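1. Here is the input, now give the coordinates:
(one chain, ligands or ions: 1)
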Amino acid sequence: MARLNTKVCVVTGAGRGIGAAIAEAFVREGATVVVTDKDEAAARAVATRIGCETRQLDVASEADWSAQEQAWPQIDVLVNNAGVTGFEDSMAPQDPERASLEDWRSVHRINLDGTFLGCRYGIRAMRGRGAGSIINISSRSGMIGVPAAAAYASSKAAIRNHTKTVALHCAQEGLAIRCNSIHPAAILTPMWEPMLGDGPDREDRMAALVADTPMRRFGTTEEVASLAVLLASDEAAYMTGTELTIDGGLLAGSAASPTRD
Ligand code: NAD
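-> Below you'll find the model as predicted:
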């Protein structure tokens, strides 16, 4: 039996990568899905391919969330997936010493403000039925320091914490609205393109990026989508305020690195 039958699900940043895979998995599980993205053409292409609704939604825009609330006042599942590293348009340094205030704010505006606005919309849109699931896509970077991507790490850590605040708030209000975070690491999506490039050393760069990962490979978007299906479904009815890592063993500890021989 499909695990998300009758559920109305909204996924942000679903024009590609992890968000698109989550939307596709939700459709496969019988959900009515709304694919949203800042990039309207990308969202429409995914929606056409997997057979679902689409809306243009910039998560950092309060006006876009208001329009979303008008269009979909009642939902069951919200995935706050949209996120940026800060390296999309420029490889300018993002370490604590050299990052510009403008870049710092720009990453937080999308990752953190976007998740705050999404959670606020999600709670309001789930109150009618008194139940639902909000899934925030944080990162491994929200659990450790990342010298080269300070704003990204800070914003993802704040998402991790806000998830627990939302979970407690909903429980205190007597609502069965659950809120949990997923913490992926090294999932192969277009997000990695600025780091990989398309030069002859692309394969070497890929290998270098997962050299510290005990499982020594990138994760797939489908593997992250499987976790989102679990959290969206009624199978996870007693899970709230929790964090699920999906990282090939990276956070298990440095001693977990296998020896090669
Ligand atoms: P991606 O760059 O492939 O896709 C991100 C999508 O978000 C794009 O479609 C983009 O148009 C959209 N987007 C960007 N800004 C937006 C905005 N303001 N409003 C709405 N949509 C916007 O990224 P991905 O790898 O699929 O990552 C998805 C989420 O997973 C992000 O939150 C990311 O931080 C997180 N994550 C990814 C990895 C990884 O290794 N890929 C690891 C940890 C966490």
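2. Now do the buried residues in the host helix or strand of Glu102.
-> Per DSSP states H and E: Glu102 is located in helix 101-108. Buried residues in helix 101-108, counted by 16 or more other CB atoms under 10 Å: Asp103, Trp104, Ser106, Val107, His108. All C-beta spots, glycine's among them, are computed from the backbone N, C-alpha and C.
3. Quick one: residues contacting the third one.
-> Shown here is Ser106, whose contacts under the criterion CB atoms under 8 Å, 6 or more residues apart in numbering are Val84, Gly86, Ala151.
4. And it, how far from Pro93?
-> Distance from Ser106 to Pro93, counting by CB to CB, to the nearest Å: 14 Å.
5. for the last one, same thing?
-> Per CB to CB, His108 is found 17 Å from Pro93.
6. Repeat that for the fourth one.
-> Taking CB to CB as the measure, Val107 falls 13 Å from Pro93.
7. Specify the local secondary structure of Ser66.
-> Three-state assignment for Ser66 (DSSP: H, G, I helix; E, B strand; the rest coil): helix.
8. Begin at 3 from now on, thanks
-> Sure, I'll start numbering at 3, so the last one becomes Ser68.
9. how close does Ala227 get to Ala101?
-> Ala227 sits 32 Å away from Ala101, going by CB to CB.
10. ok, then the element right after the helix or strand of the chain with the lowest mean pLDDT?
-> In the chain, no helix or strand scores lower on mean pLDDT, DSSP states H and E than helix 195-198, which sits at a mean of 89. Once helix 195-198 ends, the next helix or strand along the chain (criterion: DSSP H and E) is helix 204-211.
11. Show me which positions of that next one end up buried.
-> Residues Met208 are the ones in helix 204-211 that count as buried (16+ other CB under 10 Å).
12. Does it reach the ligand?
-> No. Against the ligand, helix 204-211 shows no contacts by CB under 6 Å from any ligand atom, the least distance being 9.3 Å.
13. could you give the mean pLDDT of that helix?
-> Mean pLDDT, helix 204-211: 94.
14. Can you pull out the residues in contact with it?
-> Here helix 204-211 makes contact (CB under 8 Å, 6+ apart) with Ala188, Trp194, Met197, Leu198, Gly199, Phe220.
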